[in-house]
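Peer 1: Here is my input, please return the structure:
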Amino acid sequence: MRGIGIQIEMLPGLCRKTRQAIPKAIRRALEKRPEIADSLLNANDLFRDI
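Peer 2: Have a look, this model is predicted:
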């Protein structure tokens, strides 16, 4: 999941530590359920020829 870039924009009330923690939590969840990452990558038929 390290190749997937996750960026959280600046939002009012969202501190720096929280902005850094959200992508880490998403990556951990994607590592536990790789089928979600596959579905995200295949949303625009990335894997259509495989």
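
Peer 1: use CA for all of it now, contacts and neighbours both
Peer 2: OK.

Peer 1: Next secondary structure after the longest helix along the chain?
Peer 2: With secondary structure taken from DSSP state H, the chain has its longest helix at helix 16-32. Using DSSP states H and E, the helix or strand that directly follows helix 16-32 along the chain is helix 34-41.

Peer 1: and that following helix with helix 16-32, angle?
Peer 2: 110 degrees (axes from the mean of the first three to the mean of the last three Cα atoms, to 10 degrees).

Peer 1: List the buried residues for helix 34-41?
Peer 2: Applying a neighbour-count criterion of 16 or more other Cα atoms under 10 Å, the buried positions in helix 34-41 are A37.

Peer 1: So for that helix, mean pLDDT?
Peer 2: Regarding helix 34-41, the rounded mean pLDDT is 86.

Peer 1: Export only the CA atoms of the longest helix of the chain, formatted as PDB.
Peer 2: Below are the C-alpha coordinates for helix 16-32, written out as PDB (Å, rounded to 0.1, in the frame of the first residue of the first chain):
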ATOM      1  CA  ARG A  16      -1.100  18.600  12.000                       C
ATOM      2  CA  LYS A  17      -1.000  15.300  14.000                       C
ATOM      3  CA  THR A  18      -4.400  14.300  13.000                       C
ATOM      4  CA  ARG A  19      -3.700  15.100   9.300                       C
ATOM      5  CA  GLN A  20      -0.700  12.800   9.600                       C
ATOM      6  CA  ALA A  21      -2.600  10.000  11.400                       C
ATOM      7  CA  ILE A  22      -5.400   9.700   8.900                       C
ATOM      8  CA  PRO A  23      -3.300   8.400   6.000                       C
ATOM      9  CA  LYS A  24      -1.500   6.000   8.300                       C
ATOM     10  CA  ALA A  25      -4.800   4.600   9.500                       C
ATOM     11  CA  ILE A  26      -6.100   4.200   5.900                       C
ATOM     12  CA  ARG A  27      -2.900   2.400   4.900                       C
ATOM     13  CA  ARG A  28      -3.200   0.000   7.800                       C
ATOM     14  CA  ALA A  29      -6.800  -0.700   6.900                       C
ATOM     15  CA  LEU A  30      -5.900  -1.300   3.200                       C
ATOM     16  CA  GLU A  31      -3.100  -3.700   4.300                       C
ATOM     17  CA  LYS A  32      -5.700  -5.700   6.300                       C
END
